[in-house]
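Peer 1: generate a structure from the sequence data that follows.
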Amino acid sequence: MNGICTLGNDYVYDQIVALLNSIDAILGREISVCIYPFDEQINRLAAEVAKRPNVFIYDDKDSIERWDQFMLAAAPERLNRSKFRLYGAHRRFCAFDGPFDKFIYLDGDTLVMNSLATVFEKLEYYDWVVYDFQFTDVSKVYNTQSPKLLEVFEQSRIDTEIFCSGFYASKRGTFKAEQREWLLSQLRSGEAEILYAGAGEQPLLNYMVMRSGLSSYNFAVQLPENQKTGCSATSKHFEERNHILYDKGNRLTYLHYIGVQPKMMHAVCSGENIDFPYRDLFLYYRYLHEPEKRPVFSIPPENYQSPNPSLLNRALRKLKLITKG
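Peer 2: Numbers count the residues shown, from 1 in each chain. From the prediction side, this is the model:
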C-alpha cells in the first residue's frame, strides 16, 4: 500500500489542516495519510483526524522509541528542546518501519499542488526520490569547513545529491537495524563533524541516505530546464490559477512555506492581519471545508517581515505565543 506521511502536533494544527485539505482536493480522500506526532500535544489534532477516515496518527510506541534512541545516539544535540523548535522532527524516520510499502513524506507547512503519481512511479527504479533545489546550498546540510567532508563524499555527489527533508519519497525497511548500527559507528568514528550544526534532522537524513549509497532521483536535477518548477514560498513569481500555482506555465508539485513560522499562520487564522507569501492560497486550503470560518480582512496587511513588527507582536502576545518583553 502507498501513502502520504507528515509530522504534526497541536502547535502546527492550522498547517496540518491546510495540507490535509490540499490532499483532499488534489489527490482525493482515498489515499491514506499517516501523521507522526512531534510530541504528546496532539489532542486538537486527534479530534480533527477523527473526522477523516483516511487519516490516522502513528501510535507504534516501540517504533517511536527506536527512532528516538537512534537520534539520541546519532545527534544528541538536536534533541535540545531549547535550541531546536522541531524537537520531534526526527520521528518522520518512523515511516521506514511502516505502515506504507511506499510513501511520500511532506512537511506540515506544505500544500499539494499536483498528482504525485510520477513520484511514486520513480520508486520502482530508485530508493529515494526528491524534488527540490537544496543542492544549490550545501551549507545548510554539511559543514563545508570540515576537511573530512571530501573524504566521505566526492564533490560531484555533494553538488547533486543533497536534498531538503521537507519532501521525499522512499520505502518501508530502507534503514534496517544493521544499517542503522553501521551508520552510528561511522558517525562515532569522527564523521559527525561533517554535519551542519543546525537544521534539526535534515543534515542527518542526508548523511544517512548518501552514506548508505541509496540510489536517488531528484526531479529538479533530472528534468529538462523547461519542465522544472520551484517549490518554495520564497519564490515570488508563481502564477495562481484556480487555487493551483504554476511556474512559467508548469504546474507545481507542491508548495513549501519555508520561512513562515507556524505562529504567524496561527495568528492569521485567529484574525490577525499579517501577510506572508501566498497567504490567500494557504487560507483557501485551510478553510476548504469550512469557508464560513475564514477570516476576512478589509485593510492592507502588516508584512510578516516588517521592520516594525508591533502588530505581529501584539497578535502573538494575544495568542500567548510569545512573552512580554
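Peer 1: next one: L223 from I16, what distance?
Peer 2: As judged by Cβ to Cβ, to the nearest Å, L223 and I16 stand 29 Å apart. Any C-beta I mention is one placed from the backbone N, CA and C, and that applies to glycine too.
Peer 1: and for D68?
Peer 2: In terms of Cβ to Cβ, D68 sits 21 Å off from I16.
Peer 1: now do the strands in this structure.
Peer 2: When secondary structure is read from DSSP state E, the chain shows strands at 2-8, 32-37, 55-57, 102-106, 110-112, 128-130, 167-171, 216-218, 239-241, 244-247, 250-251, 254-256, 274-275, 302-303.
Peer 1: what is the first one packed up against?
Peer 2: With contacts defined as 3 or more Cβ pairs under 8 Å, 6 or more residues apart in numbering; DSSP states H and E, the packing partners of strand 2-8 are helix 13-27, strand 32-37, strand 102-106.
Peer 1: which stretch among those comes nearest Y257?
Peer 2: Smallest distance to Y257 across those (Cβ to Cβ): 7.6 Å, for helix 13-27.
Peer 1: give me the mean pLDDT for the closest one.
Peer 2: The predicted model assigns helix 13-27 a mean pLDDT of 98.
Peer 1: please apply the same query to stretch 235-249.
Peer 2: If you average the per-residue pLDDT over stretch 235-249, you get 97.
Peer 1: now stretch 125-143
Peer 2: Stretch 125-143 comes out at a mean pLDDT of 95.
Peer 1: over to stretch 63-80?
Peer 2: When the per-residue pLDDT values of stretch 63-80 are averaged, the result is 84.
Peer 1: likewise for stretch 195-205?
Peer 2: In this model, stretch 195-205 carries a mean pLDDT of 84.
Peer 1: what number of residues lie near E201?
Peer 2: 22 (other Cβ atoms under 10 Å).
Peer 1: need the nearest residue in space to it, chain neighbours excluded.
Peer 2: Using Cβ to Cβ, 6 or more residues apart in numbering and skipping residues adjacent in sequence, the residue nearest E201 is H90, 4.3 Å away.
Peer 1: domains of this structure?
Peer 2: As given by automatic domain parsing, the domain ranges for the chain are 2-222, 261-325.
Peer 1: end to end, how far does the first one reach?
Peer 2: Between the opening and closing residues of domain 2-222 we find a distance of 24 Å, counting by Cα to Cα, to the nearest Å.
Peer 1: now swap in stretch 32-51 and tell me
Peer 2: For stretch 32-51, the end-to-end distance is 14 Å (Cα to Cα).
Peer 1: buried residues of that stretch, list them for me.
Peer 2: Of the residues in stretch 32-51, those buried under the neighbour-count criterion (16 or more other Cβ atoms under 10 Å) are S32, V33, C34, I35, Y36, P37, F38, I42, L45, E48, V49.
Peer 1: what's the average pLDDT for that stretch?
Peer 2: Model confidence over stretch 32-51 averages 96 on the pLDDT scale.
Peer 1: if we can go back for a sec, would you list the domains of the chain in CSV and tack on distance to T229?
Peer 2: Putting the domains of the chain into CSV (distance: least, Cβ to Cβ, whole Å) gives the following:
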stretch, distance to T229
domain 2-222, 8
domain 261-325, 14
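Peer 1: out of the ones you listed, deepest packed?
Peer 2: domain 2-222 (a mean of 18; mean count of other Cβ atoms under 10 Å).
Peer 1: which residue ranges of the stretch 151-300 of the chain form helices?
Peer 2: Applying DSSP state H, counting those that start in this stretch to the stretch 151-300 of the chain gives helices spanning 155-161, 177-188, 202-211, 219-222, 262-269, 279-286.
Peer 1: list the contacts for G88?
Peer 2: Residues in contact with G88 (Cβ atoms under 8 Å, 6 or more residues apart in numbering) are L7, N9, Y36, P37, F38, D39.
Peer 1: how close does the residue lying closest to the fifth one once chain neighbours are set aside get to D101?
Peer 2: Spelled out, it's F38. Nearest in space to F38, with sequence neighbours left out and distances taken as Cβ to Cβ, 6+ apart, is G88 at 3.7 Å. Summarising the geometry, the distance separating G88 from D101, computed by Cβ to Cβ, is 24 Å.
Peer 1: swap in W182?
Peer 2: Using Cβ to Cβ, we find W182 at a distance of 24 Å from D101.
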